[in-house]
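> this one's sequence-less:
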C-alpha cells in the first residue's frame with residue numbers, strides 16, 4: 001500500500017471476530033509492507049490512521 005505523504009502511520013489488523021491481532025506504528029515512510037504469512041486463511045480488517053485520516057480495508061487471505 002502506498003501513502004501520499006511520509007507521516008506516522010498507525011496500523012491495526014483484526015480478525016472477523018474483531019479480535020486485535022496486530023497494532024503497530026510506522027514512522028516516516030510512504031510504503032507499508034505487512035507479512036501475513038503467519039495468519040490463517042480468512043477475512044481480516046486492516047485499519048490505517050495517518051494524521052486525522054482513517055482508512056479501513058478488508059483483506060481476504062486464501
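Cool, got the structure. Worth saying up front: this structure is predicted, and the values here are computed from it rather than measured.
> hey, let's count contacts and neighbours off CA atoms from now on
Will do.
> Distance-wise, check the nearest residue to residue 26 once chain neighbours are set aside relative to residue 42.
Excluding its sequence neighbours, the residue lying closest to residue 26 (C-alpha to C-alpha, 6 or more residues apart in numbering) is residue 9, at 5.1 Å. In this view, residue 9 and residue 42 are 24 Å apart by C-alpha to C-alpha, to the nearest Å.
> got it, and residue 62?
Distance, residue 62 to residue 42, using C-alpha to C-alpha: 7 Å.
> More neighbours: which of these two?
Higher neighbour count among residue 62 and residue 42: residue 42, with 11 against 7, using other C-alpha atoms under 10 Å.
> Could you check how many residues crowd around the residue nearest to the more buried one when sequence neighbours are not counted?
Using C-alpha to C-alpha, 6+ apart and skipping the chain neighbours, the partner closest in space to residue 42 is residue 61 (5.3 Å). By other C-alpha under 10 Å, the residues close to residue 61 number 12.
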